[in-house]
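Student: quick one: sequence plus predicted model below, questions after.
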Amino acid sequence: MTMIFFLNANFSFQNSGIEHAQVKRAMLFKKFNKDYKFIFHDWNPLLHHYLSNSGIEDINILNMFDYFQKSISVKDNIISYKDIDFGISNVNYEINIFNTNNINVTSNNKIIGKINLFKDKDEHGNSGRVKSVELFDDFGNLYRVNYYDYRGFLSMSQLYTPDNNISTEIWYDINGVPVVEDFFKYNNNNDLLKSGWRIIDSNKQFHFYESMTDMIRGFLNIINLEYFSIDKPNIYIMDRSDKYEEVLPELCSPLYSVFHLHNSQSGNAQKPMTSIMNNNYEYSITNTNSYDAVVTATEKQKNDFFNRFRPEVPIFTIPVGIIKNDHFNNKEIPMDKRKENSIVVTARISPEKQIDQIVMAVIKANKFLDNISLDVYGYVNDKEYMNKINKIVKDNDAGNIIKFHGYSKDVKSIHKNSQIYAIASSMEGFNLSLMEAQSEGDVGITYDTNYGPNELIQNKINGFVVKYGDYNALAESIVKLFKDHDLLQKMSSESYNLSKRYSEDNVWKKWKTLIDDAYMKWPLKLKSYNHNLNNGLQDMEHGGNDD
């Protein structure tokens with residue numbers, strides 16, 4: 001059985017565009033009956049919970065720790081704080097009145113432990129699941145912390161030294177048997193650092209790794225052979241390059257590897273041919289020819305990448321955004337049925353998003369318009385930057401027209417009720433939020449930003465693309481659109497129309513082109529592959545077969 005793997009480190013409640021793009025791709029592959037799995041290398045006791053909330057089933061999740069812990073698919077089990085056995089009688093529970101997720105456990109007026117509960121609720125609204133248990137000795141010193149998976153089993157323990165440092169971490173299988181351990185030791189600077197890993201397999205054999213990267217290499221070697229087929233290749237899409245970039249070209253058995261660029265390859269996206277490389281991609285770019293293909297989300301990035309680096313492997317342009325086919329059967333919502341003179345931003349509040357410049361553009365446009373509003377939805381990624389924006393709003397007495405709402409999961413409703421979607425980012429890889437807003441008829445305004453915004457928005461057709469850094473031009477675009485209702489409506493209709501570029505059918509055709517390339521090259525890869533020996537390896541004197 002062959003498989004397509006999406007490589008990432010982790011998945012959480014508040015994810016970036018990369019994780020959202022992976023989920024959208026998963027739904028696309030499911031629709032077209034193509035097998036896939038997410039691969040993650042970080043331990044996360046909430047991983048399955050978060051992915052389930054995004055519509056991803058256990059069968060499509062392959063976490064490295066889950067694999068070794070034999071917990072890929074586990075029946076849900078709720079462990080409450082009273083289910084924890086401290087091994088003594090007369091246990092008292094003192095729930096923190098300021099934080100009900102923290103419970104002190106005492107016996108004979110002496111603290112013996114602390115229980116911490118998960119804040120997250122399941123699909124039924126249930127809470128109260130045990131997250132971790134801290135254990136204390138007779139002198140009140142912390143000596144052990146047990147961590148529980150959200151699905152309801154002891155997953156990992158941290159053992160502490162007398163001076164309150166972690167000495168060892170142990171991960172268990174679902175029966176409580178240790179299967180993964182890491183160790184710490186002091187270096188020359190007397191810092192206690194992680195020094196190695198040990199895996200205990202089903203045959204009670206020990207496998208030692210010097211680093212997490214080495215362990216990931218061992219894990220992927222196992223997985224690649226487990227899903228190996230002489231008929232079809234395993235395809236690995238490296239969405240996050242951390243650690244994988246070193247490992248993929250070095251696996252023992254053949255595969256088809258894809259270096260997926262989710263952001264600009266250059267440190268300064270506006271100078272793609274001359275600026276330093278994006279440090280997140282530097283290793284992968286330098287070793288591009290070690291992979292089998294490169295994927296970019298836009299044609300402009302594909303051309304820039306090729307013209308600068310001249311790779312010898314093919315580059316495929318595949319949008320990371322996908323719109324369901326049946327979405328285009330929905331009726332368009334006219335501009336006059338939406339909130340009047342409304343501008344929206346759905347993005348994390350971080351310096352590279354340059355939301356402060358959108359704020360300044362709106363403040364300037366407000367001098368020429370009535371009832372203008374800017375609503376920003378997104379979690380704060382940089383408090384200092386948020387303070388800077390708040391100062392701009394306060395100094396210009398703009399609190400009545402500019403509102404910040406935090407992270408929202410219902411962006412579709414937000415886009416349906418808005419008229420303009422604004423972007424001023426210093427760089428993008430595609431911008432899913434803009435694509436989603438356009439699919440609901442929002443008119444886009446943006447700086448000439450690489451990559452995505454200046455391709456999603458076709459200047460003067462479904463919005464305006466203005467000179468990079470010119471927030472006055474953004475303000476002029478806002479005024480022009482809100483003062484010309486016919487133009488606003490015409491561009492809204494074009495937003496709906498141009499969104500068809502990202503329909504399921506159109507994006508799948510592009511993925512199929514890459515998959516076909518992998519299948520075409522597979523026979524040649526097999527010719528250069530020397531299989532490991534399988535015969536004659538047993539101990540013939542102790543039960544081996546001489547036949």
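Tutor: Alright, I've got the coordinates.

Student: tell me how this protein divides into domains.
Tutor: With domains defined by automatic domain parsing, the chain comprises 4-72+214-317, 81-211, 325-501.

Student: what does the average pLDDT come to for the second one?
Tutor: In this case it means domain 81-211. For domain 81-211, the mean per-residue pLDDT is 90.

Student: ok, the last one next?
Tutor: In this model, domain 325-501 carries a mean pLDDT of 96.

Student: circling back to that earlier point, select, out of the domains of the chain, the one closest to Y519.
Tutor: Evaluated over those, closeness to Y519 peaks at domain 4-72+214-317, with 6.3 Å, by Cβ to Cβ. C-betas here are computed from N, CA, C, even on glycine.

Student: quick one: which of the domains of the chain is nearest D516?
Tutor: The nearest among these, by Cβ to Cβ, is domain 4-72+214-317 at 10.7 Å.

Student: run the chain-centre distance for stretch 168-186.
Tutor: In terms of Cα atoms, centre = their mean, to the nearest Å, the centre of stretch 168-186 is found 26 Å from the chain centre.

Student: what comes into contact with it?
Tutor: Residues from elsewhere that reach stretch 168-186 (Cβ atoms under 8 Å, 6 or more residues apart in numbering): 43, 65, 68-71, 74, 153-159, 165-167, 192-201.

Student: mind redoing it with 7 Å?
Tutor: 65, 68-71, 74, 153-159, 166-167, 192-200 (Cβ atoms under 7 Å, 6 or more residues apart in numbering).

Student: what do you get for stretch 369-385?
Tutor: For stretch 369-385, using Cβ under 7 Å, 6+ apart, the contacting residues are 14, 340-351, 355, 358-359, 362, 365-366, 386, 401-408, 411, 414, 479, 482.

Student: buried ones in it?
Tutor: L369, I372, S373, L374, D375, V376, Y377, G378, V380, N381, Y385 (16 or more other Cβ atoms under 10 Å).

Student: what is the end-to-end distance of it?
Tutor: Distance across stretch 369-385, first residue to last, is 28 Å (Cα to Cα, to the nearest Å).

Student: what is the distance between that stretch and the centre of its chain?
Tutor: 23 Å.

Student: and if you look at stretch 322-335?
Tutor: Using Cα atoms, centre = their mean, the offset of stretch 322-335 from its chain centre is 26 Å.

Student: contacts made by it with the rest, please.
Tutor: Under Cβ under 7 Å, 6+ apart, the answer for stretch 322-335 is 24, 28, 416, 419, 439, 441, 485, 488-489, 492-493, 496, 499-500, 502-505, 507.

Student: mind listing what's buried along it?
Tutor: Quick answer for stretch 322-335 (16+ other Cβ under 10 Å): I322, I323, H327, I333, M335.

Student: next one: stretch 381-397
Tutor: For stretch 381-397, by 16+ other Cβ under 10 Å, it's N381, Y385, M386, I389, I392, V393, N396.

Student: the residues you listed into JSON lines, with extra columns for secondary structure and distance to P249?
Tutor: What follows is those, written out as JSON lines (DSSP: H, G, I helix; E, B strand; the rest coil; distance: Cβ to Cβ, whole Å):
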{"residue": "N381", "secondary structure": "coil", "distance to P249": "33"}
{"residue": "Y385", "secondary structure": "helix", "distance to P249": "38"}
{"residue": "M386", "secondary structure": "helix", "distance to P249": "41"}
{"residue": "I389", "secondary structure": "helix", "distance to P249": "43"}
{"residue": "I392", "secondary structure": "helix", "distance to P249": "47"}
{"residue": "V393", "secondary structure": "helix", "distance to P249": "49"}
{"residue": "N396", "secondary structure": "coil", "distance to P249": "53"}
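
Student: between those, which is nearest G218?
Tutor: Nearest to G218 among the buried residues of stretch 381-397, counting by Cβ to Cβ, is N381 at 34.1 Å.

Student: how about that closest one, phi and psi?
Tutor: phi -100, psi -20 (degrees, to the nearest 10).

Student: S132 too?
Tutor: Taking degrees, to the nearest 10 as the convention, S132 sits at phi -160, psi 160.

Student: dump the residue contacts of it.
Tutor: N116, V145, N146, Y147, Y148.

Student: ok, M215 next?
Tutor: W197, Y209.

Student: do N431 as well
Tutor: Counted by Cβ under 7 Å, 6+ apart, N431 has contacts I423, G452, P453, L456.

Student: which of those fall in strands?
Tutor: I423 (DSSP state E).

Student: neighbour-wise, which of the contacts of N431 leads?
Tutor: Top of those by neighbour number is L456, holding 31 neighbours under the definition other Cβ atoms under 10 Å.

Student: re earlier: which of the contacts of stretch 369-385 fall within strands?
Tutor: Reading strands off these with DSSP E, I get S342, I343, V344, V345, T346, I402, K403, F404.

Student: which residues in the stretch 301-450 of the chain form helices?
Tutor: For the stretch 301-450 of the chain, the helices defined by DSSP state H, counting those that start in this stretch occupy 355-365, 383-395, 411-416, 432-439.

Student: redo these as JSON lines? Include distance to L255.
Tutor: Formatted as JSON lines, these follow (distance: least, Cβ to Cβ, whole Å):
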{"stretch": "helix 355-365", "distance to L255": "41"}
{"stretch": "helix 383-395", "distance to L255": "41"}
{"stretch": "helix 411-416", "distance to L255": "36"}
{"stretch": "helix 432-439", "distance to L255": "28"}
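
Student: so which of those comes closest to L135?
Tutor: So among these, helix 383-395 is nearest, using Cβ to Cβ, at 34.4 Å.

Student: from the chain's centroid, how far away is the helix or strand hosting H49?
Tutor: Assessed by DSSP states H and E, H49 sits inside helix 47-53. Relative to the mean C-alpha coordinate of its chain, helix 47-53 is positioned 12 Å out (Cα atoms, centre = their mean).

Student: right, and the helix or strand after that helix?
Tutor: Helix 47-53 is succeeded, C-terminally, by strand 61-63 (DSSP H and E).

Student: which residues does whatever helix or strand comes next after that next one contact?
Tutor: Remark: after strand 61-63, the chain's next helix or strand is helix 64-69, criterion DSSP H and E. Here helix 64-69 makes contact (Cβ under 7 Å, 6+ apart) with 40-41, 43, 72, 155, 171-174, 179-180, 199, 216, 219.

Student: farthest-apart pair in these, please.
Tutor: Every pair of those checked by Cβ to Cβ; the farthest is I174 and I216, at 22.3 Å.

Student: how near is V393 to Y421?
Tutor: 20 Å (Cβ to Cβ, to the nearest Å).

Student: quick one on the thing from earlier: for L225, state which of the contacts of N431 is nearest.
Tutor: Closest to L225, out of all of the contacts of N431 and judged by Cβ to Cβ, is G452, at 37.7 Å.

Student: surely the closest one and A297 touch.
Tutor: Yes - with contact defined as Cβ atoms under 7 Å, G452 counts as touching A297 (6.4 Å).
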